[in-house]
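# Pasting a predicted model and its sequence here:
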There are 2 protein chains.
Amino acid sequence: MATVLKAAPISQQIVEDLTKQCSLLKNNGCIPCLKVILVGAHPPSVIYTRNKKKFMEDIGAECEIIALEEDVSEDTFLSTLQTYAKDSSVNGLFVQLPLPKHLSHIDVGQMVPPEKDVDGFHAQNLYKLMAGDKGERALLPCTPKGVITMLKYAGVNLEGKSVAVIGRSLIVGKPLSLLMINYNATVTMCHSRTSDLKKITKSADIIVAAIGKAKFINSEYLRESGDQILIDVGINHDEFGNLCGDIDQSDVEDKCALITPVPGGVGKMTIVSLGQNLIAATKIQMEK
Amino acid sequence: MATVLKAAPISQQIVEDLTKQCSLLKNNGCIPCLKVILVGAHPPSVIYTRNKKKFMEDIGAECEIIALEEDVSEDTFLSTLQTYAKDSSVNGLFVQLPLPKHLSHIDVGQMVPPEKDVDGFHAQNLYKLMAGDKGERALLPCTPKGVITMLKYAGVNLEGKSVAVIGRSLIVGKPLSLLMINYNATVTMCHSRTSDLKKITKSADIIVAAIGKAKFINSEYLRESGDQILIDVGINHDEFGNLCGDIDQSDVEDKCALITPVPGGVGKMTIVSLGQNLIAATKIQMEK
């Protein structure tokens, strides 16, 4: 049986650490402050933003959800964003996606100042990532950062490891590939047009599934040695409506060394990374 | 014997095309104008800038080399850069590297406005590349763009191909990997810490050597079928002082299908890409 690498104990440890850091920042006169802009009342988005608020308050930071009407004008949306972008008491700024259709053309990641970009998608943060940063100066995208945090916690050293990253999204696949390269892994970026995916996954030490297809990766994609590490980034629903990942977990659990579960795995780390980025952003701004 | 994919005929064809485009732009009242800032008189840099000027003038564009003294102050250097960055008659702006030591901490790629960044290293251009752009809106880094131009000319379709990119520099390895992903290739990013590089190169349809080590890749890295495509990005000197690439060309020439030579290969394409970027930049600015 594979070891199941759950997020909960990792999250708990980081929450303790972030709480201490938050307390130190408060002693220096600065309470880390996150503003989350929520447009409309898309039910999952309401839950996600509420969870973010709770997490930030749990570590001792401030978090306000700025709720805008579903039909808010582009001008009002942008001026609200600008107000918080310029407000020096705001350390982190984040727009909950998806935006309603009339605003969906706006690349919100680029409208947040890079030093407040707790989501890690501003061009300047991605540029630092591309230039070799592992989070020393860059605010890193939350999901890739969460994957690295989990691997570190599990004692996995990426140096010299071969990794198959399946999925080339701007949110996960590409930044995670670049980040793993910065940790000296050898990364193969795979996607829907990859020929002979099974050959690639079988030769990888670590497989990251970030495809968005329920239970796509099964034991046919694994080698027989049972020594592979599987990272499941997917959040899907199976044919019975149950939450599941991109990996067929019950099919592979006897055939790999380590696996992140869904739910309770990578998905849970995103908010942890957001908390880490808020503290990092606050420190960056205090140094200025 | 492998087909040798030389830059000269490709360059010639593109020069003809760029000359026509330049002429059309002139008819619309705009002569594409490149300013190259050269600090000091580092001999290779003097030659490179002179070659750039000649190339741009050959296609009908304007190019001025702004020569600054080796010991120019940081203030003067930055204000010169700012002047041309703001000057609406300047379409492309480029700082010849390397800079002298007292200026080498400046990330010049970020100081040129993205729409004039003919070198393609501004964070906003790299962000577009990362988001999937193949040069439609982004100005792409010149060497990676040149590699793609050569492969297209040779009729190589990247879709579904497996590529081993060896070398993870910000100049070549990383942007080229991302660009090839945008063409639906499956890319393995390899580097000095990669274990079992030969296994990876043997299974690749295309090998890109961008390592900076003379003749590093020899026939031991190739499979026996002789069907591989080799792209040599290296510019080194061998033990006799002769120019050579990262691939031991004489050792592999009977064992691959296609190879770019050194000299006369990828290196020659960089300036061609710069010319294409200048025309693209001029068009972007005219549309504004």
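Looks like it arrived, so ask away. Residues are numbered from 1 along each chain as shown, chains lettered A, B, ... in the order given.
# Quick check: which element contains the spatially most central residue of chain A?
In chain A, the centroid-proximal residue (C-alpha atoms, centre = their mean) is residue A:143; its distance is 1.6 Å. In the assignment (DSSP states H and E), residue A:143 maps to helix A:142-153.
# what's that helix in contact with?
A:5, A:7, A:10, A:13-14, A:118-120, A:134-135, A:158, A:171-172, A:175-176, A:179-180, A:183, A:206, A:208, A:229, A:231, A:233, A:260, A:265-266, A:269-274, A:276-277 (C-beta atoms under 8 Å, 6 or more residues apart in numbering or on different chains). C-beta coordinates here come from the backbone N, C-alpha and C atoms, glycine included.
# Buried by neighbour count, from the residues you listed: which ones?
Buried members of the contacts of helix A:142-153, counted by 16 or more other C-beta atoms under 10 Å in any protein chain shown: A:5, A:7, A:10, A:14, A:118-120, A:135, A:158, A:171-172, A:175-176, A:179-180, A:183, A:206, A:208, A:229, A:231, A:233, A:260, A:265-266, A:269-274, A:276-277.
# Just list what the host helix or strand of residue A:47 packs against, helices and strands only.
Assigned by DSSP H and E, residue A:47 belongs to helix A:43-58. Under the contact criterion of 3 or more C-beta pairs under 8 Å, 6 or more residues apart in numbering or on different chains; DSSP states H and E, helix A:43-58 touches helix A:7-27, strand A:33-39, strand A:62-68, helix A:266-287.
# With only the CA atoms kept, save that helix in CSV.
Output of helix A:43-58 as CSV, limited to C-alpha atoms (Å, rounded to 0.1, in the frame of the first residue of the first chain):
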residue,chain,number,x,y,z
PRO,A,43,-21.8,29.3,-5.0
PRO,A,44,-18.3,27.7,-5.1
SER,A,45,-16.7,31.1,-5.2
VAL,A,46,-18.6,32.2,-2.1
ILE,A,47,-17.4,29.1,-0.3
TYR,A,48,-13.8,29.6,-1.5
THR,A,49,-13.6,33.2,-0.4
ARG,A,50,-15.2,32.4,2.9
ASN,A,51,-12.6,29.7,3.5
LYS,A,52,-9.8,32.1,2.6
LYS,A,53,-11.2,34.6,5.1
LYS,A,54,-11.4,32.0,7.8
PHE,A,55,-7.8,30.7,7.1
MET,A,56,-6.3,34.2,7.2
GLU,A,57,-8.2,35.1,10.4
ASP,A,58,-7.1,31.8,12.0
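# now the helices: where do they sit in the stretch 101-250 of chain A?
A:123-130, A:142-153, A:173-182, A:197-202, A:249-252 (DSSP state H, counting those that start in this stretch).
# who are the neighbours in contact with residue A:57?
residue A:63.
# For it, give its distance to residue B:276.
53 Å (C-beta to C-beta, to the nearest Å).
# between the helices and strands packed on helix A:43-58, which gets nearest to chain B?
helix A:266-287 (16.6 Å; C-beta to the nearest C-beta).
# one step back: would you list the helices and strands packed on helix A:43-58 in TSV and tack on mean pLDDT and distance to residue A:152?
Output for the helices and strands packed on helix A:43-58, formatted as TSV (pLDDT from 0 to 100; distance: least, C-beta to C-beta, whole Å):
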stretch	mean pLDDT	distance to residue A:152
helix A:7-27	97	9
strand A:33-39	98	24
strand A:62-68	98	26
helix A:266-287	96	11
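# ok so, going back, check which residues of the helix holding residue A:143 are buried.
For helix A:142-153, by 16+ other C-beta under 10 Å, it's A:142-151, A:153.
# Taking helix A:173-182 as reference, get the angle to that helix.
40 degrees (axes from the mean of the first three to the mean of the last three C-alpha atoms, to 10 degrees).
# How many neighbouring residues does residue A:193 have?
16 (other C-beta atoms under 10 Å in any protein chain shown).
# Oh, that last question was meant for residue A:15, not what I typed.
For residue A:15, using other C-beta under 10 Å, the count is 15.
# State the distance from the closest residue to it other than its chain neighbours to residue A:20.
Distance criterion C-beta to C-beta, 6 or more residues apart in numbering or on different chains; nearest residue to residue A:15, sequence neighbours excluded, is residue A:59 at 5.9 Å. As judged by C-beta to C-beta, residue A:59 and residue A:20 stand 9 Å apart.
# And residue A:35, by the same measure?
23 Å.
# okay, these two: which has more neighbours?
residue A:35 (25 against 12).
# Pull the contacting residues for the more buried one.
So residue A:35 contacts A:63-64, A:66, A:84, A:90, A:92-94 (C-beta under 8 Å, 6+ apart).
# Put the buried members of those residues into a PyMOL selection.
For the buried members of the contacts of residue A:35, the matching PyMOL selection, counting by 16+ other C-beta under 10 Å, is:
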select buried, chain A and resi 63+66+84+90+92+93+94
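# Give me the spatial nearest neighbour of residue A:176, chain neighbours excluded.
residue A:144 (3.8 Å).
# again but with residue A:227, I slipped
Using C-beta to C-beta, 6+ apart, the nearest residue to residue A:227 is residue A:257, at 5.1 Å.
# repeat for residue A:202
Residue A:202's closest residue in space is residue A:223 (C-beta to C-beta, 6+ apart), at 4.4 Å.
# Same check on residue A:81?
residue A:111 (5.5 Å).
# and the stretch 151-288 of chain A, which residues reach chain B?
A:159-160, A:162, A:168, A:170, A:174, A:177-178, A:181, A:184, A:186-191, A:193-195, A:199-200, A:203 (C-beta under 8 Å from any C-beta of the partner chain).
# What remains of those if I keep only buried residues?
Judged by 16+ other C-beta under 10 Å, buried ones among those: A:162, A:168, A:174, A:177-178, A:181, A:184, A:186-191, A:193-194, A:200, A:203.
# Strands - which of the residues you listed land there?
A:162, A:186-190 (DSSP state E).
# Farthest pair within those residues?
Of all pairs drawn from those, the widest gap by C-beta to C-beta lies between A:186 and A:190 and measures 13.3 Å.
# Which pLDDT does the model give residue A:1?
Note on residue A:1: pLDDT of 86.
# count of neighbours near it?
Neighbour tally, residue A:1, other C-beta under 10 Å: 8.
# That one and chain B, how far apart?
28 Å (C-beta to the nearest C-beta, to the nearest Å).
# which residues touch that residue?
A:253-254.
# same thing but 10 Å
By C-beta atoms under 10 Å, 6 or more residues apart in numbering or on different chains, the residues touching residue A:1 are A:253-256, A:259.
# Residue A:50 too?
A:36, A:38, A:63, A:65 are the contacts of residue A:50 under C-beta under 10 Å, 6+ apart.
# from the residues you listed, which two are the most distant?
A:38 and A:63 (11.7 Å).
# quick one: common contacting residues for those two?
Joint contacts of residue A:38 and residue A:63 (C-beta under 10 Å, 6+ apart) are A:49-50, A:52, A:94.
# List just the nearest of the residues you listed to residue A:126.
Of these, the one sitting nearest to residue A:126 (C-beta to C-beta) turns out to be residue A:94, at 16.1 Å.
# got the domain boundaries for chain A?
Under the assignment automatic domain parsing, the domains of chain A span A:28-113, A:142-267.
# what about the last one, start to end distance?
Looking back up the chat, that one is domain A:142-267. 10 Å (C-alpha to C-alpha, to the nearest Å).
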